[in-house]
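Participant: I'd like to go over a predicted model; first the sequence, then the structure.
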Amino acid sequence: MVTSVDLRRSPAASNRPLQWAGYLLGFALGGFFDGILLHQVLQWHHLLSAVEGAPFRDLRVQVLADGLFHVAMYIIAAVGLWLLWRARHEFAAANADRMVVAGILVGFGVWHVANGLIFHWTLGIHRIRMAAENVLLWDLIWFFAFGVLFIAAGWALRRAARTGDTPGRAPPAVVPVFLATVVSGAGSIAALPPPNLSSALVLFRPGTAPEAVLAAVSAVDGRIV
């Protein structure tokens with residue numbers, strides 16, 4: 001017996017792997033956005049910046065913690081991609097692509113909400129901008145701008161897709177372009193020297209001979225303070 005399948009069924013009939021693929025991919029992208037922009041480009045904090053103790057004052061330990069954090073995000077993204085591959089046949093359903101985008105937006109926002117609630121305010125291992133006069137203000141800006149608003153946008157898109165109010169076409173790539181622009185603009189700003197800068201901190205590899213240090217300072221017309 002041959003049965004027909006209605007390819008126009010609502011995304012509400014999609015299986016859970018398709019929905020969770022979007023959630024996990026968005027969560028991982030939120031972690032990558034946080035790590036790349038705040039840890040590496042702007043260097044406002046590292047994962048363990050506020051953890052006390054001599055070992056955590058070592059930059060290598062801080063960078064190692066950031067690296068392990070990104071490894072965890074890679075694992076979450078890999079699971080999301082695997083779920084997306086498993087649910088690839090569900091893209092025959094109406095607005096299935098929008099459901100995935102909605103899940104990504106929600107997951108992206110959930111990462112920033114969880115980051116604020118757990119890492120910033122419960123564990124206190126770092127804050128958004130460690131050197132700011134009002135660290136709570138920066139925490140709240142990130143919490144609402146990249147957390148609550150993204151969750152609300154994803155929820156609205158998901159609801160519209162489930163009710164069939166949107167066409168089956170994927171929305172314009174506004175969000176990725178916006179995030180890429182934020183990171184690129186922040187990189188350009190971070191590359192500018194601070195105002196009224198008269199000195200610079202230079203790190204040498206452990207074991208560097210004093211002669212090599214003096215030669216390096218002399219090569220850039222510097223002086224030892």
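Facilitator: Perfect, thanks for sending it.
Participant: what's His46 sitting at in phi/psi?
Facilitator: phi -110, psi 170 (degrees, to the nearest 10).
Participant: Quick one: residues contacting it.
Facilitator: Listed by C-beta atoms under 8 Å, 6 or more residues apart in numbering, the contact partners of His46 are 39, 62-63, 65-66, 126. Yep, even glycine has a C-beta here, placed from its N, CA and C like the rest.
Participant: what's the most distant pair in those residues?
Facilitator: The most widely separated members of those, counting by C-beta to C-beta, are Val63 and His126 (13.7 Å).
Participant: So if I had to pick from those two, which one is more boxed in?
Facilitator: His126 (23 against 14; other C-beta atoms under 10 Å).
Participant: That one: helix or strand, and which one exactly?
Facilitator: Element membership of His126, judged by DSSP states H and E, is empty: it is in no helix or strand.
Participant: thought it was touching Leu48?
Facilitator: Yes - using C-beta atoms under 8 Å, His126 is in contact with Leu48, at 6.7 Å.
Participant: by contact count, what packs against the helix ranked longest in the chain?
Facilitator: Across the chain, the longest stretch assigned as helix under DSSP state H is helix 59-86. Secondary-structure packing of helix 59-86 (3 or more C-beta pairs under 8 Å, 6 or more residues apart in numbering; DSSP states H and E): helix 16-34.
Participant: Return the distance of the helix it packs on from the chain's centre.
Facilitator: 10 Å (C-alpha atoms, centre = their mean, to the nearest Å).
Participant: Name the residues that touch it?
Facilitator: 69-70, 72-74, 76-77, 79-81, 83-84, 86-87, 90, 96, 99-112, 115, 146, 154, 179, 183.
Participant: So which residues of this protein form strands?
Facilitator: Here the chain has no strands by DSSP state E.
Participant: Centroid-nearest residue for the protein?
Facilitator: Nearest residue to the geometric centre of the chain (C-alpha atoms, centre = their mean): Phe33, 2.4 Å.
Participant: For the residue lying closest to Leu203 once chain neighbours are set aside, the count of nearby residues, please.
Facilitator: Distance criterion C-beta to C-beta, 6 or more residues apart in numbering; nearest residue to Leu203, sequence neighbours excluded, is Leu59 at 7.8 Å. Around Leu59 there are 10 other residues, counting by other C-beta under 10 Å.
Participant: ok, now Arg60?
Facilitator: Residues near Arg60, counting by other C-beta under 10 Å, number 8.
Participant: and of the contacts of His46, the nearest to Leu136?
Facilitator: His126 (13.4 Å).
Participant: give the contact list for the closest one.
Facilitator: Here His126 is in contact with 45-51, 119-120 (C-beta under 8 Å, 6+ apart).
Participant: rerun at 7 Å
Facilitator: For His126, the contact set (C-beta atoms under 7 Å, 6 or more residues apart in numbering) comprises 45-50, 119.
Participant: what does Tyr74 give?
Facilitator: Under the criterion of C-beta under 7 Å, 6+ apart, Tyr74 has no neighbours.
Participant: repeat for the one 5 residues further on
Facilitator: Contacts of Val79 were listed using C-beta under 7 Å, 6+ apart, and they are Leu24.
Participant: Quick check: the gap between it and Gln62.
Facilitator: 27 Å (C-beta to C-beta, to the nearest Å).
Participant: Kindly report the same for Asp97.
Facilitator: Using C-beta to C-beta, we find Asp97 at a distance of 39 Å from Gln62.
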